[in-house]
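# Pasting a predicted model and its sequence here:
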Amino acid sequence: MSGLEVRSIDYVPLDERHGKLWHLGPLWFMSNAQIATLAVGLISITEGGNLIWSLLAIVAGTVIGTFFMAFHSAQGPQLGLPQMIQSRPQFGYVGALLVWLFAYVQYAGFNVFNSILAADSLHTTLHGSVKLWVVVVTMVALVVALVGYDIIHKAERVLTYTFLVVFGIFTVGVLVTLHYPAGSFDLGAFKWTPFLAQFGVVAGYQISWAIYVSDYSRYLPPDVTVRKTFYWTYFGSALGGIWLMVLGTLLAAWAGKDFETIKSINAAGDKVFDGFGAIVLLFAALGLVSVTALNMYGGSLTLISGIDSFKRVRPTLGVRLLTIGLTAALSLVGALAATSHFLENFNNFLLLVLYLFIPWTAVNLMDYYVVRRGHYAIAEIFNPHGIYGRWGWHGIISYLVGFAAMIPFFSVGTLYVGPAAKALGGADISLFIGLPVSALLYWWLTRSIDVAAETRIAQAEAEALEQAAHEHREP
């Protein structure tokens, strides 16, 4: 049991900081470089866009969406805290439950999709019941999540090296052996609606990682620079995302109406040599297991944060085991009960995630980089009657106003198209509305915050914070 990680939402003391900054690169590369990401690259093709504009939308969406998630990564080493607990200074001790609920739903949604996709891959290659493979995938991911931070980092590094070989060969095969419809590379065939739909889903997918990032950088020493932390996270995530999304749009353009994720990967792989499709799918299943473990780990941290808002939690190994087990059980039930209807609407799910987290990421980053400039009284984050209050109305109001401003611009397939989106022919530009509205409103509402006073409190509480961390209790 001594090999299991004990820490959860609590502060990581300075003498426990470890790891190398470059480890963030493989972790975020491999987190994105799995075939659930491939499904993100389909929407433009399915909505009538051509191949070249789909590729450009993927690159543009990744470049912009990854920018935000990578800036969150730099918060981990500086604060020594997981990502979602950092929402308390903006939203309050209890008010942060708003975003934690959305985060937990996201973890559950992605885990259902990932475990079903992994089970289908294993069913196609090794046969057996899909539901049995769902159970196997969930159990293996559970073990990885239980061991915790270090094994997750190590697993992603090993998978990255293997990925470069397997998917390198597969990608060359896709580029060389597949043929695409006439007009696929016609720059004159631009259509706003599929381009912006693809851009929005891609940006949303990358921003959706923002709720994870500090979880996997918080053990790094604080003397790593913000700039280098940003670069390793940004380029790892962006390269992995672009690679798989581009593969997705290439396969969709080639297969047309016959496209099915598992079936098309298998068929394209077998064009390289017989049986290679099965090798690609087996490796893809391992990648999906690893990202399912990430979701269980992050879901556990979010669940503990939520419980702590009602009853202070002593961050022990037992709490980790209980919440990871519960998160895994919920994922398993969801995957076993899911229908094809859920899978068909994965892109709609991604858009909804984008809508929910655009205002949050705007508020959180504005607070960290502009308002407080990285200066937080960390012990006060765990104090229900501390300086950050129970309800952070500055953050809550900024979130709700930003979200409300986005609604007219929403375009979610057949579910809902707002009046502004209709006027734009179905194009979705809500991302460009929610970000500035929430960020600027938060900045305006927080002009009176006395950051210097908060910094003095942090300095006065620093020694007690380290002591509490060594005793595995909240300060």
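Noted; the coordinates are in hand.

# Which pLDDT value belongs to the nearest residue to residue 110 once chain neighbours are set aside?
In space, and not counting its chain neighbours, residue 110 is closest to residue 295: 5.5 Å by C-beta to C-beta, 6 or more residues apart in numbering. Using the backbone N, CA and C atoms, a C-beta is placed for each residue, glycine as well. Looking at residue 295, its pLDDT stands at 94.

# a helix runs through residue 295, doesn't it?
Yes: counting by DSSP: H, G, I helix; E, B strand; the rest coil, residue 295 is found in a helix.

# looking at it, it is touching residue 109, isn't it?
No: the criterion here is C-beta atoms under 8 Å, and residue 295 misses it with residue 109 at 9.2 Å.

# Between the two, tell me which one has more neighbours.
The neighbour comparison of residue 295 against residue 109 (other C-beta atoms under 10 Å) goes to residue 295, with 25 against 21.

# Spit out the contact partners of that one.
With contact set as C-beta atoms under 8 Å, 6 or more residues apart in numbering, residue 295 has these partners: 107, 110, 111, 114, 327, 331.

# any idea how far residue 141 is from the third one?
So the one you mean is residue 111. Going from residue 111 to residue 141 by C-beta to C-beta, to the nearest Å gives 8 Å.

# got it, and the first one?
Relative to residue 141, residue 107 is positioned 12 Å away (criterion: C-beta to C-beta).

# Which residues are in contact with each of these two?
Common neighbours of residue 107 and residue 141 (C-beta under 8 Å, 6+ apart) are residue 296.

# When these two are compared, which one has more neighbours?
residue 141 (28 against 25).

# Kindly confirm my reading that that one is in a strand.
No: counting by three-state DSSP, residue 141 is not found in a strand; it is helix.

# Assess the claim that it and residue 296 are in contact.
Yes: in this structure, residue 141 is within contact of residue 296 by C-beta under 8 Å, at 5.9 Å.

# list residues touching both of these two?
residue 328.

# hang on, the earlier thing: in helices only, show me the contacts of residue 295.
The helices, defined by DSSP state H, take in 107, 110, 111, 114, 327, 331 from these.

# Identify the residue nearest the third one in space, chain neighbours excluded?
It stands for residue 111. residue 331 is the one closest to residue 111 (C-beta to C-beta, 6+ apart), at 3.9 Å.

# Who are the contact partners of the nearest residue to residue 316 once chain neighbours are set aside?
The spatially closest residue to residue 316, leaving aside those adjacent along the chain, is residue 472, at 6.3 Å (C-beta to C-beta, 6+ apart). With contact taken as C-beta under 8 Å, 6+ apart, residue 472 is in contact with 6, 7, 10, 314, 315, 316.

# Can you tell me the SS state at residue 472?
coil.

# how about it, phi and psi?
phi 50, psi 50 (degrees, to the nearest 10).

# ditto for residue 412
Note on residue 412: backbone dihedrals following degrees, to the nearest 10 are phi -110, psi 80.

# wait, doesn't it sit right on residue 348?
Yes: counting by C-beta under 8 Å, residue 412 does reach residue 348; the two are 5.3 Å apart.

# more crowded one of these two?
Neighbours per residue, other C-beta under 10 Å: of residue 412 and residue 348, the larger number sits with residue 412, 22 against 17.

# Quick check: beta-bridge partners of that one?
Beta bridges link residue 412 to residue 416 when assigned by DSSP bridges.

# Tell me the first helix or strand C-terminal of the helix or strand containing residue 231.
In this assignment (DSSP states H and E), residue 231 forms part of helix 226-255. Later in the chain than helix 226-255, the nearest helix or strand by DSSP H and E is helix 261-270.

# contacts for that next one?
Contact with helix 261-270 is made by 35, 38-39, 117, 120-121, 124, 170, 173-174, 177-178, 251-252, 254-255, 258, 276-281, 284, as judged by C-beta under 8 Å, 6+ apart.

# now do 10 Å
Helix 261-270 is contacted by residues 35-36, 38-39, 42, 117, 120-125, 166, 169-171, 173-174, 177-178, 247-248, 250-252, 254-255, 258, 260, 275-281, 284, 343, 346 when judged by C-beta atoms under 10 Å, 6 or more residues apart in numbering.

# So which of those residues sit within helices?
Counting by DSSP H, those place 35-36, 38, 117, 120-125, 166, 169-171, 173-174, 177, 247-248, 250-252, 254-255, 276-281, 284, 343, 346 in helices.

# List only buried entries from the residues you listed.
The neighbour-count test (16 or more other C-beta atoms under 10 Å) marks 35-36, 38, 117, 120-125, 166, 169-171, 173-174, 247-248, 250-252, 254-255, 276-281, 284, 343, 346 as buried among the ones in helices among the contacts of helix 261-270.

# nearest spatial neighbour of residue 303, skipping sequence neighbours?
In space, residue 303 is closest to residue 323, 4.6 Å off (C-beta to C-beta, 6+ apart).

# ah, wrong one, I meant residue 26
Leaving aside its sequence neighbours, residue 26 sits nearest to residue 160 (C-beta to C-beta, 6+ apart; 4.0 Å).

# how near is the nearest residue to residue 120 once chain neighbours are set aside to residue 38?
Computed as C-beta to C-beta, 6+ apart, the closest residue to residue 120 that is not its neighbour in sequence is residue 262, at 4.9 Å. Distance, residue 262 to residue 38, by C-beta to C-beta: 10 Å.
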